[in-house]
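S.K.: 3D model of this:
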Amino acid sequence: MFAVYASGINADDPLSMLTLGEIEPLPTPQDWVTVNVKAVSLNHHDLWALRGQALTADQAPMILGTDAAGITEDGREVIVHGVIGDPDKGRGDETLDPKRSLLSEVYSGAMAAQVRVPARNLIDKPAELSFEEAACLPTAWLTAYRMLVTKSGAQAGDLVLVQGAAGGVASAVIVLAKALGLRVWATSRDEAKRDWAKALGADEVFESGARLPGKVDAVIDSVGEATWSHSLRALRPGGTIVTCGATSGGAANADLNRVFFLQLKIEGSTMGTAEELRGLVALLVSSGARPVIDRVLPITSAAEAFSAMNAGELRGKIVMTLS
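M.R.: Numbering: from 1, shown residues only. As a prediction, the model looks like this:
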């Protein structure tokens with residue numbers, strides 16, 4: 001089967017491990033469902049796999065990809081939920097299953113002619129979304145949706161601060177927050193990225209770490225160490241910070257005095273459930289909001305796609321299509 005896969009891991013030169021060609025996928029349980037893939041999108045997780053941060057050497061070769069949309073063998077158009085976990089073992093939430101994984105970690109990923117997943121991982125693709133748009137949703141956009149809807153406690157009219165606004169999750173947060181009726185402030189170190197955040201719908205933009213004109217109800221932070229102190233200081237009493245990553249490092253000062261005195265809430269968030277993915281799809285259909293796509297390439301141009309992500313040359317998602 002044709003696929004894009006990691007033939008090994010290399011922390012210093014991850015792109016040297018990127019391989020396109022025929023490969024035998026890993027075995028899956030017989031009751032899983034086969035999806036003929038129409039479109040996939042690229043995530044930093046795919047680069048992390050090549051670097052050895054999301055994959056070990058003994059797991060290679062491994063088909064990459066956590067996000068896909070396609071058609072089942074009986075003709076159903078679907079979005080593939082990339083979290084492989086048992087809701088019953090996570091108290092109703094598959095992301096809390098102690099043994100949960102993402103596609104391309106234990107089982108073969110979605111950057112292939114076909115991918116196999118449990119039937120519960122298939123979400124109906126509405127006609128309003130193209131396969132390219134649908135393929136953007138299962139990782140970055142689902143993460144953004146869970147942070148806003150499930151974790152932040154923000155209600156229509158509330159003010160949300162988004163740190164590092166040019167990132168994949170952060171840009172999705174801006175679009176979804178506006179669709180949910182929230183007010184949005186965003187930060188970035190780069191003026192061009194602040195302008196882009198404003199174009200996406202942010203009400204106000206600020207340089208990273210800048211003194212803000214007021215307090216916010218919630219902060220969405222995927223940056224970590226570099227922005228953590230600013231995020232805590234930005235919150236009103238009783239406000240919530242939601243973190244889904246630490247791209248700048250994880251050794252932030254907890255500032256416990258501020259946390260307990262102002263009764264701040266800190267929520268960790270990873271990916272999302274199949275039910276939350278259905279909620280995200282419904283929000284996009286009802287609001288008219290759509291994923292931000294940087295470019296669409298054929299999957300045979302995967303090297304170009306990975307190179308662009310590795311260089312940080314993106315404004316939105318890179319999507320790859322299969323005929």
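S.K.: does F260 count as helix, strand or coil?
M.R.: Assigned with DSSP: H, G, I helix; E, B strand; the rest coil, F260 falls in the helix class.
S.K.: Local confidence estimate at it?
M.R.: What the model reports for F260 is a pLDDT of 92.
S.K.: Next, count neighbours for it.
M.R.: F260 has 9 neighbours, counted by other C-beta atoms under 10 Å. Placement of C-beta: from N, CA and C, glycine included.
S.K.: give the contact list for W196.
M.R.: 165-166, 171, 315 (C-beta atoms under 8 Å, 6 or more residues apart in numbering).
S.K.: Reformat those into JSON lines and put secondary structure and distance to L235 next to each item.
M.R.: Putting these into JSON lines (DSSP: H, G, I helix; E, B strand; the rest coil; distance: C-beta to C-beta, whole Å) gives the following:
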{"residue": "A165", "secondary structure": "coil", "distance to L235": "18"}
{"residue": "A166", "secondary structure": "coil", "distance to L235": "22"}
{"residue": "S171", "secondary structure": "helix", "distance to L235": "22"}
{"residue": "R315", "secondary structure": "coil", "distance to L235": "29"}
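S.K.: quick one: which of these is nearest to P27?
M.R.: The shortest gap between P27 and any of those belongs to S171, at 37.0 Å (C-beta to C-beta).
S.K.: Just give me the neighbour total for the closest one.
M.R.: 29.
S.K.: Spit out the contact partners of it.
M.R.: 165, 196-197, 200, 292, 315-316.
S.K.: redo that, cut-off 7 Å
M.R.: S171 makes contacts with 165, 200, 292, 316, as judged by C-beta atoms under 7 Å, 6 or more residues apart in numbering.
S.K.: Can you name the two of the contacts of W196 that sit furthest apart?
M.R.: Across those, no pair lies farther apart than A165 and R315, at 11.2 Å, counting by C-beta to C-beta.
S.K.: Strands of the stretch 51-200 of the chain, residue ranges please.
M.R.: With DSSP state E, counting those that start in this stretch as the criterion, the stretch 51-200 of the chain has strands at 62-63, 67-72, 77-80, 83-84, 101-102, 114-117, 122-124, 159-162, 183-188.
S.K.: if I look at the spatially most central residue of the chain, how far off is L55?
M.R.: Nearest to the geometric centre of the chain sits A140, at 1.6 Å (C-alpha atoms, centre = their mean). For A140, the distance to L55 equals 19 Å [C-beta to C-beta, to the nearest Å].
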